[in-house]
Structure formats: C-alpha cells, structure tokens
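A.B. asks: any chance you can model this:
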Amino acid sequence: MYRALFTLVLSRLDPERAHHLAFVVIRLLSTLGLGRIVRRFTAPDPSLAVEALGLRFDSPFGVAAGFDKDGEAVLGLGALGFGHVEVGTITARPQPGNDKPRLFRLIPDRAVINRMGFNNHGAGRAADRLLRVRRSHRRPVLGVNIGKSRVVAVEDATADYLTSARALAPVADYLVVNVSSPNTPGLRGLQELELLSPLLSAVKEVAGETPLLVKIAPDLTDEQVERIARLTVELGLAGIIATNTTISRDGLRTDHTVVEAAGAGGLSGAPLAARSLAVLRLIRAVVPAELCVISVGGVERAEDVQERLDAGATLVQGYTTFLYRGPLWARQINRGLLRLRRSLVEA
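C.D. replies: Next up is the predicted model:
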C-alpha cells in the first residue's frame, strides 16, 4: 500500500512537505495514545536486543539524525519499532536553516540530496521537550546530535558546542558531536585533528557521564578516518558514527540534469552504501572491540543491516529509505533480522 501511495501521491509532493505530513502522523501515535497498540504489531523480538553504551537497545536498528530535528516524534518512532532515535542536529541557537527548496529526491537511485542547514528551534527548547520524553517508560534509547550554529564563527565553535552540550547532555542517553554535515559553512573543517581534539575534549568534560560519540563524513580519506578513529580512543570517547552524507555525485543513475538542478547538499541513500561500509571496516580495524561504532548510510534491507553488524558495527541507523519504504520499515528490518538469524541456526 505504501509503495502505491508513494508512487501516486507522495512522489508528486514537494519532498519537505511530504516529510512534514508523515512526521505529523508519527507524532500523533503518541499524542493520541496509539503507540501502545501499534507497538504490539511492531515491537522487535527480544532476541534482537543489544547492550551498548551502558544501555539496552531493543533492536540494533535505529533512526539517524535528520529525521526528527527537534525531538518531537521520539515516542512515535519508538512505537514503529526503532531501537533508538537520534534527534537533531540541534544547535545552541535557533535557526531556520537554508532557503527552500532544500530537499530533493533522486528516485532512480533511492537517494536524497538535502541542504537543510540544521533547521531547529535551539538547544534550550529541545532540552525542555526531551526531558518530558525521558519520563516515558516506553521510549526508545535517545541520542542527541549537536552541531555548530550557523552564525557562529569556526574559531568560536567550541563555546557554541558547549552551550548545547550543557543543555542537552542531561536529557540524552548518548550525545553526538556532528562535525561532518556539508551544509554549514566551515563545519567539516573541524574534522582536522588540531581542531577536533580540543573540541571533543571540551565537550566530553561537559557531557560528564553521558556517553559521547563523534559523527564523521564519508568524504574523508582512509588515512583521515583512521586518524580520527585513533583520536576517539585516545580521548576516551564512547564511539564513532560513520557516516554522514556525501558531497560526491559519482555513479548516480538519475538524469544528470535533475542532479544538477538539485544543486549543492549532502547525498544520502543507496549510493552511499559502499563507502559507508568501507569506512566502518577501516574504523573497526583500528579501534578496540568495546568501542561503539554506529554505521549509517545506504541501509535498505535486513540483509544490509546484518552485513554492517557482521562487519563490526555495534548498531546501525537509517533515514533515507524511510522516505521510500514508509512507516513499517523498521518492522520489516527487525522481522528480516530475526528470519536471517533463525535460518543460520537451522543451517
């Protein structure tokens, strides 16, 4: 049914408007008290649970940052079967993001280009909302992804991140420093070690007992990936999220005029799968087994999630395919994982 709905209706709507409409429905699951009913149909099998970051995840599969920018649909997303929800990216200061249009589908590639620009209502408002979410006994694990406010100069980035960390670490199960979005000027430059090391050290001190992870770009060289992975271990961070969107447009099947018309922004979805998997393997080769590595990028099916887990991912996240598969995507992934594992046992 969703495939027909997407083909006949949603694909004809502006992508951001279609996302907003779906988002409203997901929010209603909790506000109308429907989450408990839905969860009877979508809850992951207990055998899929994962222990990581000192937390219990009902499923290894969660929602990547970008879908729920302000933490408004955490309970609804949890009811759909996601084991964790990473909200954000949230900035210290409220900001509207980039001018519209800023979200574009590449349907032949099952991909999306976005240049949203961290549109959110700011850390203060998010903290108040997430405090209420944490009081729910039926919530998923809650990650909070923080980034640099657009109006803040790169040299002042650390103070800006610390403002967000102070507000949000107390309400997060884990905190993520995003230095890898291509849509905030100067942000990716913070991945250089001489800038990244003091930034992460400062945020880690403010985060206190809240596990801290860093999210990196797929466009780094292999050497840069390995250096950041080693730095993560040296600083005592809890983990790495690999990867964010890419600025590459290589190998796309979508007509080049459509791609060019979309313009600048980060590409996510199926075309990112190979690089995301390669970065995961690079990281896992140089970090200890206990370090949490969350793999995201190009995941579509249960087989993709299991491949990431087999390659060393602790957890796996998705986002773009949600737009193409619909609200039962997490249920499909979880049922597929259970089927794959049972088939291995039977074999």
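A.B. asks: can you tell me how far Val179 is from Leu187?
C.D. replies: Distance from Val179 to Leu187, counting by C-beta to C-beta, to the nearest Å: 6 Å. For every residue, glycine as well, the C-beta is placed using N, CA and C.
A.B. asks: can you show me the helices along this structure?
C.D. replies: Secondary structure of the chain by DSSP state H: the helices cover 2-8, 15-31, 35-42, 74-79, 123-134, 157-168, 193-207, 222-234, 256-262, 273-286, 302-310, 320-325, 329-346.
A.B. asks: and the ones you listed, which one's lowest on average pLDDT?
C.D. replies: Mean pLDDT is lowest for helix 2-8 out of those, coming in at a mean of 62.
A.B. asks: what about the stretch 51-200 of the chain, any weak spots by pLDDT?
C.D. replies: Along the stretch 51-200 of the chain, the parts satisfying pLDDT under 70 run over 183.
A.B. asks: okay, strands next: where are they in it?
C.D. replies: With strands called from DSSP state E, counting those that start in this stretch, the stretch 51-200 of the chain shows them at 55-57, 61-63, 84-90, 103-106, 111-114, 141-146, 174-178.
A.B. asks: dump these to JSON lines, plus mean neighbour count and distance to Leu34.
C.D. replies: Shown next, in JSON lines, are the strands of the stretch 51-200 of the chain (neighbours: other C-beta atoms under 10 Å; distance: least, C-beta to C-beta, whole Å):
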{"stretch": "strand 55-57", "mean neighbour count": "16", "distance to Leu34": "23"}
{"stretch": "strand 61-63", "mean neighbour count": "27", "distance to Leu34": "18"}
{"stretch": "strand 84-90", "mean neighbour count": "30", "distance to Leu34": "17"}
{"stretch": "strand 103-106", "mean neighbour count": "22", "distance to Leu34": "27"}
{"stretch": "strand 111-114", "mean neighbour count": "26", "distance to Leu34": "28"}
{"stretch": "strand 141-146", "mean neighbour count": "26", "distance to Leu34": "20"}
{"stretch": "strand 174-178", "mean neighbour count": "27", "distance to Leu34": "27"}
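A.B. asks: and those strands as JSON lines, adding distance to Thr31?
C.D. replies: Putting the strands of the stretch 51-200 of the chain into JSON lines (distance: least, C-beta to C-beta, whole Å) gives the following:
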{"stretch": "strand 55-57", "distance to Thr31": "25"}
{"stretch": "strand 61-63", "distance to Thr31": "18"}
{"stretch": "strand 84-90", "distance to Thr31": "16"}
{"stretch": "strand 103-106", "distance to Thr31": "25"}
{"stretch": "strand 111-114", "distance to Thr31": "27"}
{"stretch": "strand 141-146", "distance to Thr31": "18"}
{"stretch": "strand 174-178", "distance to Thr31": "26"}
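A.B. asks: one step back: what residues are shared contacts of Val179 and Leu187?
C.D. replies: Common contact partners of Val179 and Leu187 (C-beta atoms under 8 Å, 6 or more residues apart in numbering): Gly147.
A.B. asks: more neighbours: which of these two?
C.D. replies: The neighbour comparison of Val179 against Leu187 (other C-beta atoms under 10 Å) goes to Val179, with 26 against 22.
A.B. asks: check contacts around the more buried one.
C.D. replies: 147, 187-188, 190-191, 196, 199, 214-216.
A.B. asks: out of the residues you listed, who's the most crowded?
C.D. replies: With neighbours taken as other C-beta under 10 Å, the top of the contacts of Val179 is Gly147, carrying 29 neighbours.
A.B. asks: that one and Phe118 touch, don't they?
C.D. replies: Yes: with contact defined as C-beta atoms under 8 Å, Gly147 reaches Phe118; the gap is 5.3 Å.
A.B. asks: give me the common contacts of those two.
C.D. replies: The overlap between the contact sets of Gly147 and Phe118 (C-beta under 8 Å, 6+ apart) consists of 89-91, 181, 184.
A.B. asks: mind putting those into JSON lines with distance to Arg102?
C.D. replies: Below are the shared contacts of Gly147 and Phe118 laid out as JSON lines (distance: C-beta to C-beta, whole Å):
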{"residue": "Thr89", "distance to Arg102": "14"}
{"residue": "Ile90", "distance to Arg102": "18"}
{"residue": "Thr91", "distance to Arg102": "16"}
{"residue": "Ser181", "distance to Arg102": "13"}
{"residue": "Thr184", "distance to Arg102": "13"}
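A.B. asks: from Ser59, how far out is Gly143?
C.D. replies: Counting by C-beta to C-beta, the separation of Gly143 from Ser59 is 14 Å.
A.B. asks: isn't Lys146 up against Val171?
C.D. replies: Check again: residue 146 is Ile, not Lys. No: at 12.0 Å, Ile146 does not count as touching Val171 under the criterion of C-beta under 8 Å.
A.B. asks: residues touching the residue nearest the centre of the chain, list them.
C.D. replies: Nearest residue to the geometric centre of the chain (C-alpha atoms, centre = their mean): Ala64, 1.9 Å. By C-beta under 8 Å, 6+ apart, Ala64 lies in contact with 86, 296, 317-319.
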